[in-house]
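Chemist: I would like the atomic coordinates for the input below:
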Amino acid sequence: MPDKVQTFMDYVKAKDPGQPEFHQAVFEVVNSIMPVVEKNPKYQRAKILERIVEPERVLMFRVPWVNDKGEVQVNRGFRIEMNSAIGPYKGGLRFHPSVNLSILKFLAFEQVFKNSLTTLPMGGGKGGSDFDPKGKSDNEVMHFCQSFMNELFRHIGANTDVPAGDIGVGGREIGFLFGQYKKLRNEFTGVLTGKAPKWGGSLIRPEATGYGAVYFADEMMKTRKQSLNGKTATVSGSGNVAQYTVEKCLDLGCKVVTLSDSAGTIYDPKGIDREKLAFVMELKNVKRGRIKEYADKYGCQFLAGKRPWAVKCDVAFPSATQNEVDVNDAKELVKNGCICVSEGANMPSTPEAIEVYLNAKIMYGLGKAANAGGVSVSGLEMSQNSLHLSWTREEVDKRLQGIMKAIHEQCVEHGKEGSFINYVKGANIAGFIKVADSMLDQGVV
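Modeler: Coordinates of the predicted model:
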């Protein structure tokens, strides 16, 4: 680790001890951008690095609610408003038992650069709760969401902070949250994205993150005069991102052979076709069942407690959660002939795994670039809400493809190292410069 990077990381760790995910996210960015900062005294004088790692605002609050047995429950709610230099705070809400300050700060920090890359005017934020919607009735989820919004509503707004969904927050939760916001503020405004199309949502929003990761992979393949057509892919997860990654892979002629959840991985060498994908969507979105049921129904292998990365593939789409690909997984992928990794999840590869990808010179699309499709269409939903218009599915998809292509071009511009494109360096530098220059323009505020 270069001395200046080490010194800065020591500073961050001293200020924010016990936040390993946040430290990891900061290191990944700072390691790429330090040469740019050193070449530009204006960034050093204005202490841009020190300011960019410090959230503009951290909100933490209690969320009391009553379950179906009449028992009072208490959870903790958060909103990290990280950076608003280029637009209102924008980023998802995550409801999961693992949620804590470190995870949300890492996600908010990543979101700043991801949103910068989209070409849309959006700052970065993230929020959520340690509430677990799994196993809860619709009534319990509604009561929790209403209590959560009773505090959050005073801190958000269409031109201030526009949350969206994330893990554990889908259409149902967004609906309950929006209904309570509308009641409290007595206004119908585009304050949340991921809404149903009937009441202000954008077409393609549920599909956007998965579709975008595949579009980004396709752009990477083009740099080596290849395409996804005829390739075999592994996908982790089985939620929204994974489902639509499979769908877009099918559109482009790529065969997907795995999906997973916390219990293990299904391996279907015949490939997940549209009929099988429909079964997965029903299983996960409606019945809220386990992916093992796919293996039972279609007679394929279930790898209990395993992740998909030992399965031979050309392209890998990590689409589940942070740090799901470790150094051994990455070595296994490279050994088995994987030539491209496109991340649908946020920071799913450990720093050691990323080192393996870069040393092997495979195409590696990191999350802040490859999975920016979701927040891009959230930005397009904000535009439609402001205009009181609704665009067609084709128009939104065309705009999404254009944004993913523009993100790829920025990564190539700043990440070219001879014939190799270092997407980590490219994405971090491109995202940083836009935010840093905007902060300089606005003074020390």
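Chemist: leaving out sequence neighbours, find the closest residue to the residue most central in space within the chain.
Modeler: Closest to where the C-alpha atoms of the chain average out (CA atoms, centre = their mean) is residue 346, at 4.4 Å. With sequence-adjacent residues excluded and distances taken as CB to CB, 6 or more residues apart in numbering, residue 346 is closest to residue 367, at 4.9 Å. Placement of C-beta: from N, CA and C, glycine included.
Chemist: quick revisit: now do the residue nearest to the centre of the chain against residue 375, distance only.
Modeler: Distance, residue 346 to residue 375, by CB to CB, to the nearest Å: 11 Å.
Chemist: okay, buried residues for stretch 246-257 please.
Modeler: By 16 or more other CB atoms under 10 Å, the buried positions in stretch 246-257 come out as 246, 247, 248, 249, 250, 252, 254, 255, 256, 257.
Chemist: same check, this time on stretch 87-99
Modeler: Those would be 87, 88, 89, 90, 91, 92, 93, 94, 95, 96, 99, for stretch 87-99 by 16+ other CB under 10 Å.
Chemist: how about it as PDB, C-alpha atoms only?
Modeler: Below are the C-alpha coordinates for stretch 87-99, written out as PDB (Å, rounded to 0.1, in the frame of the first residue of the first chain):
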ATOM      1  CA  GLY A  87     -27.900  16.600  -6.700                       C
ATOM      2  CA  PRO A  88     -30.300  15.500  -4.000                       C
ATOM      3  CA  TYR A  89     -29.200  12.500  -1.900                       C
ATOM      4  CA  LYS A  90     -30.200   9.300  -3.700                       C
ATOM      5  CA  GLY A  91     -29.900   5.700  -2.600                       C
ATOM      6  CA  GLY A  92     -31.800   2.700  -1.300                       C
ATOM      7  CA  LEU A  93     -33.200   1.600   2.000                       C
ATOM      8  CA  ARG A  94     -32.100  -1.900   3.200                       C
ATOM      9  CA  PHE A  95     -34.200  -3.900   5.800                       C
ATOM     10  CA  HIS A  96     -32.000  -6.800   7.000                       C
ATOM     11  CA  PRO A  97     -30.700  -8.000  10.400                       C
ATOM     12  CA  SER A  98     -27.100  -7.200   9.300                       C
ATOM     13  CA  VAL A  99     -27.800  -3.500   8.900                       C
END
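Chemist: sec struct for residue 61, please.
Modeler: strand (DSSP: H, G, I helix; E, B strand; the rest coil).
Chemist: the helices in the stretch 251-400 of the chain, which residues?
Modeler: Using DSSP state H, counting those that start in this stretch, the helices found in the stretch 251-400 of the chain span residues 274-281, 292-298, 327-335, 351-360, 367-370, 373-387, 393-415.
Chemist: tell me the angle of the fourth one relative to helix 327-335?
Modeler: If I follow you right, that is helix 351-360. 20 degrees (axes from the mean of the first three to the mean of the last three CA atoms, to 10 degrees).
Chemist: who does helix 351-360 touch, helix- and strand-wise?
Modeler: helix 20-39, helix 327-335, strand 363-365 (3 or more CB pairs under 8 Å, 6 or more residues apart in numbering; DSSP states H and E).
Chemist: kindly report the same for the third one.
Modeler: In terms of contacts (3+ CB pairs under 8 Å, 6+ apart), helix 327-335 is packed against helix 351-360.
Chemist: could you redo the last one with a cut-off of 10 Å?
Modeler: Contacts defined by 3 or more CB pairs under 10 Å, 6 or more residues apart in numbering; DSSP states H and E place helix 327-335 against strand 315-317, strand 340-342, helix 351-360.
Chemist: now do the second one: distance to the chain's middle.
Modeler: It refers to strand 340-342. In terms of CA atoms, centre = their mean, to the nearest Å, the centre of strand 340-342 is found 15 Å from the chain centre.
Chemist: equivalent analysis for the first one, please.
Modeler: With CA atoms, centre = their mean as the basis, the distance from the averaged C-alpha position of strand 315-317 to the chain average is 16 Å.
Chemist: break this structure into its domains for me.
Modeler: 1-187+420-445, 208-365 (automatic domain parsing).
Chemist: what is the rounded mean pLDDT of the shortest one?
Modeler: Along domain 208-365, the predicted local confidence has a mean pLDDT of 97.
Chemist: now do it: distance from first to last residue.
Modeler: Using CA to CA, to the nearest Å, the end-to-end distance of domain 208-365 comes out at 16 Å.
Chemist: just to revisit the earlier point, give the residues shared as contacts by residue 346 and residue 375.
Modeler: Taking CB atoms under 10 Å, 6 or more residues apart in numbering as the contact criterion, the residues that touch both residue 346 and residue 375 are 92, 111, 114, 209, 368.
Chemist: okay then, goodbye and thanks.
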